[in-house]
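# need a 3D model of the following:
(chains A and B)
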Amino acid sequence: MLQCIFILSDSGEVIVEKQMVGHRVDRAICGWFWDYVLANAAGDPSKILQVVVSPTHYLFQIYRNGVTFLACTQVEMPPLMAIEFLSRVADVLTDYLGDLNEDIIKDNFVIVYQILDEMMDNGFPLTTEPNILKELIAPPNIVNKMLNVVTGKSSTLGSKLPDAAASFVPWRTTVVKDASNEVYVNIVEELDACVNREGVLVKCEAYGEIQVNCSLPGVPELTMSFANPTIMNDFTFHPCVRFRPWESDQVLSFVPPDGQFKLMSYRVKKLKKTPIYVKPQLTSDSGNCRVSVMVGIRNDPGKPIDSITVQFQLPPLIVSADLTANYGTVDILADKTCLWTIGQIPKDKAPALSGNLRLEEGLAQLHTMPTFQVKFKIMGVALSGLQIDKLDVKNTPSAPYKGFRAQTQAGKYEVRS
Amino acid sequence: MFGLQSSGAAASWVVGRMGTDAHLYDDPDDASIPALLDSRFDADKVDALKRLLALIAQGVDVAHLFPQVVKNVASQSLEVKKLVYLYLLHYADKRQNEALLSVNIFQKDLSDINPLVRAWALRTMAGIRLHVVAPLVLVAVKKCARDPSAYVRKCAAYALCKLCDLLPDQAMALEEIVDILFGDNSPGVVGAAALAFKTVCPSCLALVSKHFRKLCETLPDIEEWTQIILIEILLRYVIARHGFVKDSLLSAEIQGINDSDPVASMPTQHDSAGNGFCGTISNIMLFRHYIEEFSGFPDGEGDSLRLSSVTTSGNNDVAILLKCTSPLLWSRNSGVILAAASVHWIMAPIGDVKRIIGPVLFTLRSSPDAAHVMLGNILVFAKTMPLLFAPFYEEFFINASDPYQTRALKLEILTTIATEPSIQAIFEEFQDYIKDPDRKFVADTVAAIALCAQKLPSIATTCLEGLLALVFYESSMSNSGHFDGEDAVLVQAIMSIKAIVKVNPVSYEKVIVRLVRSVDKIKEPVARCLIIWIFGEYNFMGNLIPKIVPAVLKYLAWTFTADVVETKLQILNASAKVIMHCPEEHMEEFKRIVAYVIELATYDLNYDVRDRARLLSRLLPCYTTHLGPSHHPPNGDICKELAYHIFDGKLQPSSPSTNNYRIYLPGSLSQAVLHAAPGYTPLPKPQSMELSHNKIIEPTRSNNSVAESGSSIYESSSVYDSESEGDGLSDRGTDASLHHQDNQDVPLVHIYDTSIQKGQTGQNAEENFADLISTDLTELMSKSALESWLAEAPADTLVQNSLQASSARVAFTNHSFERKPKLHTLLDSSDSNGLRVLYAFSSEVSPRSRILVCVDLYLENVTTQQLTDIAIKSEEASSGVDSIGQTSEGSVSVPTIVPVEGIHSLAPQQTEKMVLEVHFHHHLLPLKLSVLCNGKIHPAKLHPDIAYFVRPLPMDLNAFLCKENQLRGMFEYARRSVKIHLVQYDHLDKLEHSDKNLQVAHSVASKILGNTNVHLVSMDMPVTFNVDDTSGLCWRFSSEIPSTSKPCLITILAEGHASGPLDLTVKVNSEDTVFALNLLNRVVAIIE
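Numbering: from 1, shown residues only, chains lettered A, B, ... in the order given. The predicted structure is shown next:
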């Protein structure tokens, strides 16, 4: 069980301290933790492990947008429970506050406290479903309704939902007000790829999430099927998905929560094609290193490829870098990262970055090679080829509006040089 | 500011400003909070409470406003109520008395019509953790467990968890409520009930049996967090009830092991490869690690149980558990996936285990935060069944964003699962990693290449080519001296070459030649040493190497003076090896070179080098002197023989220490941090459950339940009498004789005062004691006690009571308490052909190392025959190296057991004493020993006693209080209301009350001093009007942790009556809080 949760700012300052059990954890532990971060990751908490052993406590931490969520325990507990819980807290807070950063948490610290208190009791997760939480604690924009809204699972629930359905679909608000009778399905895929130094595509796979935004009255029954479910290698489901129909017919049958949620995530492995190519070339001799990076479209996905960026860490022991591109902008960031923002690839020319790195005195050749991280975004297509066959909605008074979208972006897309 | 305006304005302010509370967080102090709290308007109160919350968030202590805040708990506004609750829960343990004020309101709220109000009231009332209210909370929980609202019932289950340490004597009542909640038809409540079960009565698996089927069916519907808990409970139940499945991973392969050698931990060759075995961790090892009962037996016994207690996969309970957990492998929560996967890992038939691979690997991508913990578990899986993971090697390719530790794990997994088909791809990947900017990771990669090459000889040649190229490249790079970590890569590359070459040096002689020829380009001393070693070791092998020997030897002689000490030593060694294998035609030439080197070395500045030179010139006189072979020194042959053994002894193939894995249950924190975290419980003993009783009391059970509180060993080992019961009366006789001192009356108290001689009898001391109080009261009284007493007592009673009311600090000398060693059984005579070994911890300090603990062993021969060759050894490098990180640091060089001379023979009925100096790796886990006797090895477990891991630290009271003040907050642990019933002395009633208090004081002090190795700092006697009121009685003990020299302070406070049950509060202050917590548990166990 977690003894307490701290929320730390980017500089290690404690923003929120929430004790969970009778035996209080002194906030000195945060000081220890921050010293540890400084010593082991130069002050960047994203670079340290999620489980840290301190002299007094076992610490769990996750890092989101400059905010560190830190939890302590002294006894055996499933570490993944703690880590998943902290990321759930981060998700819920993001959902509530619209964004997550130090200032937003400070501005809404009362809400944060109330949410933490509701999400965890005695060091164990209590209510983590966003729909129920929103009934218990109103999001900040309608706070003036707080006193009226905070009735939670009032006794009226039972009368509206016989058969005790309320507790069997804990993710769904029982009374959905102002339902606009719409359901939107969005396939968001991330393409992970790895191109080795010889230019061979070592690994290429798509990680996808099906996000549903649902605004339906009553207790709707949804069924979704895919045209090609067999291409998916792995999957996880939202708790609302019934296992049996999936096991037998690969059909998703569920009573959705209200609002935005992640219905499932999946992975399609061993893809053969990437939409773009990135060809870096670094040659170094007598203290200079010539850099040239070419980017172009390889397999046209049929939709425009947007927001292309190529990013790499300049090798250590560089005195100066002189890099220019024939298209887009090149920035050298503070942490010695070179960011080449291309946007869309123009029709008339192939974007190329070239330039020269000057090595330190006495060094003839580069001995380490950077890895190029590529980002892009393609709207309107799921590169894995996954297709939704149909979506049936039952149990609603009138036929709802159904919308479908897809997009693909680069995930861990790495090109080694 | 705003809050002070009228209610109308306040309302509009609420509407306008509630969206952000930024100003409250920034300036919580800019309004008078007490005034706001006393306001009539809820809005003002809300404002004030929010300011308080902001102050709490910023770490300001606002406990002084507790009384004003508490009274607002009666507010009708839910928002005020919630904020008050938040404040209350934060401070209740500090302000117990004021918190009591709120209880009435809670009671009232518990019957509110709004279920949310009922739930909040219950949560807060249980959350403030007041002993006084605990019975009331229990009543409330009973009521709420039948509440119409599922949410309230769920909160009732949570409240049970909070109650269980407040009401230890009400365990039955709590269990009953858990039973009711298990039967609930709302999944949310069932899930919460699982949590309550785990906290309240994790060992009452009988309770589960009633609900088993229903729990399994509800499993997919309950919340994800409680799924993790319930899966674990169900797994433990099935194992305790039915044992393992016959063809599951843990029970399979039995035949193979039984046929082959009994050293089961070595991977056997004929493991059925089709099943995916052939890993470096055998399933027997897993079995031992997962089940505590069998971690102590090196062979035999565990297996027989493994064999006997199996069930089939057709068993209904097993089948239903597997069926209900398999859909959970698709959960969105990585914790649930891992919990479900471990059920399949442990229980599923071996052919079905592969279904967990996909889901487990997918979490690496879908929950990036969980990836590292997951990889740690995958590593154990992969080492057991590498073939299962072999096709998925691409999952473990390294991403640029992985932190170092993750990369290291992935490398290890890749090395483990590499097979002939995949090695090419893996090797190409490794080659890419060589260019990575993280040089430490590069060095690891180079080491991994060697491991792969050793495992799969087909790629050895390719690997060597690559490594040689790397060595040449690095040697040219590192000379420019620019980078950190570059040397490490070079050294690792040479070490990898050395490891690969070792297998078959002759066939790789070209590699050796090329490597040795590069030695002049390499400046890094360690790298040079390695190459020179390789040169010396293989100088006579193959056809090519001998040809370069003269040139290299000359080169080494030439550079000798310029090299560092380590390299010089290696050159000397290499010279010796060369000369011993030198062919005739070069003899004269080599002799001159070697003689030159030795001569140089004899005049070296460093004495190690000089010593080595002298050794060589004595050992190899025939080679190193210029006199011809005819002039043999007298014992030349012996020297030659000796030199041969020293320099030419065949290298022991360093077998990978297969035993060294730290394996804990999958998904546990212990597996993530690689040591047993407090509260870690291995699986129950298979088929240990009997359904005939409703309440089962069994060794396994009680062990488990106590382990939950972190002190498993004590309970079972401290009650010596009950342990030896089985051995009958004769046993007791010997025990008594083993005690060197009999339990005789000893002086009760020594007043620490020069005017009184030590060694007075208790009676005298008491008389003097009274004198002292009357004459010199103010000096003896502790100042604080006096003040508090003055504050309470009216002035006129001062004189009247001054004689009997005593708050005196009396220094009982430590020696006045007899340290009676408590004897535990190490080895029972029935297990070991008549050798009985008992042990007791002694308070002596080991002269060798501060970490060592002295244990007195009493070996007794209960047979009628002579026992011979008795020795005690530790199972070195055994799997039990569960040291907590900080204790293992700096203690690496200390052996587990300081070797002691064995007993040659032991006559019948003879008893021998032996002092063993032991280094315990863990405070709680037993140490595995093997007792050798008559040529047989008997496994035994030495249970550590944390009370003897400290040593007395003499200090005076002021130093103690000062130290205690430095160790507040997170360094302090307290356990309230430890109840003890003192032994009722028959004569107690007749004594004056001060005598009773003395009796009590003495009895507690002697309990502590008799069982722990601490120093008694002071004992405060109570200020009292009531005859047998002991309130205020206070003991202080000091000690230090030898390994770290950190002080460890123990304070015990008493409340209650000397004649009735005493209520003690035990507090431990120490910087090493894990240790402190364990020590606290131990002290409590001692007192109770």
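# got the domain ranges for chain B?
B:21-209, B:539-625+B:636-646, B:824-875+B:896-944, B:951-1087 (the TED database).
# chain center to the last one: distance?
Using C-alpha atoms, centre = their mean, to the nearest Å, we find the averaged C-alpha position of domain B:951-1087 to lie 26 Å away from the chain's own average C-alpha position.
# what about it, near chain A?
Yes. Counting by C-beta under 8 Å from any C-beta of the partner chain, contacts between domain B:951-1087 and chain A involve B:969-971, B:973, B:1071-1074, B:1077. Every residue, glycine included, has its C-beta placed from N, CA and C.
# and those, which two are furthest apart?
The distance between the two most remote of the residues of domain B:951-1087 next to chain A (C-beta to C-beta) is 15.6 Å, for B:969 and B:1074.
# more neighbours, the two?
When residue B:969 and residue B:1074 are compared for neighbours, residue B:1074 comes out ahead with 23 against 13, by other C-beta atoms under 10 Å in any protein chain shown.
# contacting residues for residue B:665?
When the contact criterion is C-beta atoms under 8 Å, 6 or more residues apart in numbering or on different chains, the partners of residue B:665 are B:290, B:342, B:671, B:680, B:682-683.
# can you give me the strands in the stretch 951-1088 of chain B?
Assigned by DSSP state E, counting those that start in this stretch, the stretch 951-1088 of chain B shows strands spanning B:951-952, B:972-980, B:1015-1020, B:1034-1041, B:1046-1056, B:1062-1070.
# apologies, that question was intended for the stretch 1-150 of chain A.
Under the criterion DSSP E, counting those that start in this stretch, strands of the stretch 1-150 of chain A are mapped to A:4-8, A:14-19, A:51-53, A:58-64, A:67-73, A:120-121, A:124-125.
# of the ones you listed, which is nearest residue B:124?
Nearest of the strands of the stretch 1-150 of chain A to residue B:124, taken as C-beta to C-beta: strand A:120-121 at 10.2 Å.
# so is the closest one next to chain B?
Yes. Legend: contact between strand A:120-121 and chain B by C-beta under 8 Å from any C-beta is shown at residue A:121.
# pairing partners for that strand, with directions?
Within its sheet, strand A:120-121 is paired with strand A:124-125 (antiparallel), according to DSSP bridges.
# contacts for the strand it pairs with next, please.
Contact partners of strand A:124-125, identified using C-beta under 8 Å, 6+ apart, comprise A:1-2, A:81, A:85, A:88, A:119, B:158, B:161, B:195, B:223, B:225.
# export the residues of domain B:951-1087 next to chain A to TSV and tack on pLDDT?
Formatted as TSV, those follow (pLDDT from 0 to 100):
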residue	pLDDT
B:969	70
B:970	71
B:971	76
B:973	78
B:1071	80
B:1072	78
B:1073	76
B:1074	78
B:1077	81
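# among these, the buried ones, what's the PyMOL command?
PyMOL command restricting those to the buried ones, with burial defined by 16 or more other C-beta atoms under 10 Å in any protein chain shown:
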select buried, chain B and resi 970+971+973+1071+1072+1073+1074+1077
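# just the buried ones from the contacts of strand A:124-125?
A:1-2, A:81, A:85, A:88, A:119, B:158, B:161, B:195, B:223, B:225.
# for these, work out which two are farthest apart.
A:88 and B:161 (20.2 Å).
# give me the neighbour count for residue A:401.
There are 12 residues near residue A:401, going by other C-beta under 10 Å.
# before we move on, back to that, so which of the residues of domain B:951-1087 next to chain A comes closest to residue B:188?
Out of the residues of domain B:951-1087 next to chain A, the member with the shortest distance to residue B:188 (by C-beta to C-beta) is residue B:1077, at 32.6 Å.
# is it correct that that closest one is in contact with residue A:23?
No. Look at residue B:1077 against residue A:23 with C-beta atoms under 8 Å: they stay out of range, at 9.8 Å.
# what is in contact with these two at once?
Taking C-beta under 8 Å, 6+ apart as the contact rule, residue B:1077 and residue A:23 both touch residue B:973.
# which parts of the stretch 601-750 of chain B sit against chain A?
Checking the stretch 601-750 of chain B against chain A by C-beta under 8 Å from any C-beta, the hits are B:667-670, B:672-673, B:677-681, B:710.
# which of these lies closest to residue B:562?
Minimum distance to residue B:562 across those is 46.9 Å, recorded for residue B:673 (C-beta to C-beta).
# which one is the closest one nearest to, not counting chain neighbours?
The shortest distance from residue B:673 to any non-neighbouring residue, by C-beta to C-beta, 6 or more residues apart in numbering or on different chains, is to residue A:53 (5.1 Å).
# any idea how many residues pack against that neighbour?
20.
# ok, the one 5 residues further on next?
Other residues within reach of residue A:58, judged by other C-beta under 10 Å, total 26.
# read off the pLDDT value for it.
pLDDT, residue A:58: 93.
# likewise for residue B:628?
46.
# what do you get for residue A:16?
Here the pLDDT value assigned to residue A:16 is 91.
# count of neighbours near residue B:547?
10.
# no, scratch that, I was asking about residue A:198
By the criterion of other C-beta under 10 Å, residue A:198 has 10 neighbours.
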